[in-house]
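Participant: Need the 3D shape of this:
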Amino acid sequence: MSQNILIIGATGRVGVELARLLTEEGETVRAATRSPSTASARLPCFAESVEFDFDRPETFAPALKGVAKVFLIARPGDNHADKVAMPFIDMAKKEGVRLIVNLTAMGVERDDSFTLRLLEKYVEASGIPYVHLRPNWFMQNFNSGPMLADIRATGGLHLPASDAKLSFIDVRDIAAVSSAALTEPRHVGNAYTLTGGDALDHYEVVSILSRTAGKTITYVPLSEEVACAALNKAGVAGDLIERWRKFYRIVRQGLCASVTHDAESVLGRPTIAFEQYARDHAASWM
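Facilitator: Sure thing, here's the model as predicted:
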């Protein structure tokens, strides 16, 4: 039976793919976005767009009206994502939401003071049934944002990752797991760590990208000091630089290298390999 599902972050990489999957499955999707008038171009034609902004609590109740389930992703890169999202969770409980599928990040359970773990604990304490999804770094980071800009401008990646490995996961798999979590009751109360099937270092990443793009793409490992100085020169805010610094320290410690089978178990199939991701997006690096 189709039920109203509210997708927070509906125009983001996971949200767009999730909206597509759910509408194809016959679910009624409500896409939360700050700009409903411009969101329709990125969303499936049967998805309803509704105004939503974490900084404007007056948008919460209208967005939640009649909603049975919520896909929640707190603002990426926000050092206070838990505090921003807590009033929304309170409103979701008041409006009778019966499930929250909460997208956080791999490893948050290791630190109860981390903002995304605080958010998980708040969801748990709310009494609303939940599923936590904890993905590793997205494969799609390489064909969008700063990494793609770096490749296009310099022909390479410049990162303070040393030779550490990461078990990158494709956004399409994250969305597929999210769809299952929203529509299959067996997942309620679980926390899934989502990774791809292999761990790669950035030398291996650029080797694969080079083969698929038909040109040489290099990887230049930077020291933490050089990388942060470059961000500072580019005008990136100090708190974001510090967050980025901590992320890459975690990477260099090897804490993003483990491979889990949670996504495979939920989906009943292997996850998308990095080679397949690269072939699908090869035009981005040509």
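Participant: got the residue ranges for the helices in the stretch 51-200 of the chain?
Facilitator: Here the stretch 51-200 of the chain has its helices, by DSSP state H, counting those that start in this stretch, at 60-64, 81-94, 115-126, 145-154, 171-183.
Participant: Just want the angle from the longest one to helix 115-126.
Facilitator: Using axes from the mean of the first three to the mean of the last three C-alpha atoms, to 10 degrees, the interaxial angle of helix 81-94 with respect to helix 115-126 works out to 20 degrees.
Participant: Packing partners of helix 81-94?
Facilitator: For helix 81-94, the packing partners by 3 or more C-beta pairs under 8 Å, 6 or more residues apart in numbering; DSSP states H and E come out as helix 60-64, strand 69-73, helix 115-126. Where you see a C-beta, it was placed from the backbone N, CA and C, and this is true even at glycine.
Participant: any chance of these in JSON lines, plus mean pLDDT and mean neighbour count?
Facilitator: Output for those, formatted as JSON lines (pLDDT from 0 to 100; neighbours: other C-beta atoms under 10 Å):
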{"stretch": "helix 60-64", "mean pLDDT": "96", "mean neighbour count": "18"}
{"stretch": "strand 69-73", "mean pLDDT": "97", "mean neighbour count": "25"}
{"stretch": "helix 115-126", "mean pLDDT": "95", "mean neighbour count": "18"}
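Participant: Out of those, flag the one nearest Asn79.
Facilitator: helix 115-126 (6.2 Å; C-beta to C-beta).
Participant: who does that closest one touch, helix- and strand-wise?
Facilitator: helix 81-94, strand 99-103, strand 130-135.
Participant: tell me the mean pLDDT for the shortest one?
Facilitator: Think strand 99-103. In this model, strand 99-103 has a mean pLDDT of 98.
Participant: got a list of contacts for it?
Facilitator: Outside of strand 99-103, the residues within contact range by C-beta atoms under 8 Å, 6 or more residues apart in numbering are 14, 68-73, 89, 92, 119-120, 123, 126, 128-133, 135, 174, 178, 181-182, 188.
Participant: can you count the residues close to Asp150?
Facilitator: Number of residues near Asp150 (other C-beta atoms under 10 Å) recorded here: 17.
Participant: residues contacting it?
Facilitator: Applying C-beta under 8 Å, 6+ apart, the residues contacting Asp150 are 156-158.
Participant: how far away is it from Val220?
Facilitator: Going from Asp150 to Val220 by C-beta to C-beta, to the nearest Å gives 10 Å.
Participant: now Thr154
Facilitator: 8 Å.
Participant: now swap in Leu21 and tell me
Facilitator: Taken as C-beta to C-beta, the span from Leu21 to Val220 is 37 Å.
Participant: low-confidence ranges in this protein?
Facilitator: 1-3, 37-46, 76-77 (pLDDT under 70).
Participant: just the strands in it please.
Facilitator: 4-7, 28-33, 48-51, 69-73, 99-103, 130-135, 156-159, 191-194, 218-221 (DSSP state E).
Participant: Now render the helices and strands packed on helix 81-94 as a markdown table, adding distance to Ala81.
Facilitator: What follows is the helices and strands packed on helix 81-94, written out as a markdown table (distance: least, C-beta to C-beta, whole Å):
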| stretch | distance to Ala81 |
| --- | --- |
| helix 60-64 | 16 |
| strand 69-73 | 9 |
| helix 115-126 | 5 |
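Participant: for the ones you listed, which one sits closest to Asp53?
Facilitator: helix 60-64 (9.2 Å).
Participant: burial of Ser258, as a residue count?
Facilitator: 15.
Participant: is it true that it touches Gly197?
Facilitator: No. Ser258 is beyond contact range of Gly197, at 12.0 Å (criterion: C-beta atoms under 8 Å).
Participant: Quickly list what's touching both of the two.
Facilitator: By C-beta under 8 Å, 6+ apart, the residues touching both Ser258 and Gly197 are Ser167.
Participant: With Leu21 as the reference, measure out to the closest residue to Ala176 other than its chain neighbours.
Facilitator: Among residues not flanking Ala176 along the chain, Leu267 sits closest, at 5.7 Å (C-beta to C-beta, 6 or more residues apart in numbering). Going from Leu267 to Leu21 by C-beta to C-beta gives 12 Å.
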